[in-house]
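Trainee: here is a sequence with its predicted model. Questions after.
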Amino acid sequence: MPLYSYRCAKCGHEFEKLVSLNAKPPVCPKCDSQEVNKQPVGFAIMSGSQNSTEKSSCSSSGGKFT
């Protein structure tokens, strides 16, 4: 399930909620309003991983790729 950020239109409370794709929007945990708006969220993509050899070779070259 994805994690979404919401803002309540009634009281302005911001919260996060794990919501399935087909679920109804959650209610505000502060005032129980059903008038909540999904907020834009940034994300990062990570691919692969570096081992200690790759990290040390990068740092020994002053951060430049060789």
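Mentor: Arrived safely, thanks for sending.

Trainee: look up how far Val27 lies from Arg7.
Mentor: In this view, Arg7 and Val27 are 13 Å apart by Cβ to Cβ, to the nearest Å. No exception for glycine: its C-beta is placed from N, CA and C like everyone else's.

Trainee: which neighbours do those two have in common?
Mentor: Residues touching both Arg7 and Val27 (Cβ atoms under 8 Å, 6 or more residues apart in numbering) are Val36.

Trainee: so where's the chain shaky on pLDDT?
Mentor: Applying pLDDT under 70 to the chain flags residues 42-66.

Trainee: how are the strands of it distributed by residue range?
Mentor: For the chain, the strands defined by DSSP state E cover 3-8, 14-18, 36-39.

Trainee: columns mean neighbour count on top of those strands, output as a markdown table?
Mentor: Putting the strands of the chain into a markdown table (neighbours: other Cβ atoms under 10 Å) gives the following:
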| stretch | mean neighbour count |
| --- | --- |
| strand 3-8 | 16 |
| strand 14-18 | 13 |
| strand 36-39 | 14 |
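
Trainee: now Leu21: closest residue in space, sequence neighbours ignored.
Mentor: In space, Leu21 comes closest to Pro2 once its chain neighbours are excluded; the distance is 7.5 Å by Cβ to Cβ, 6 or more residues apart in numbering.
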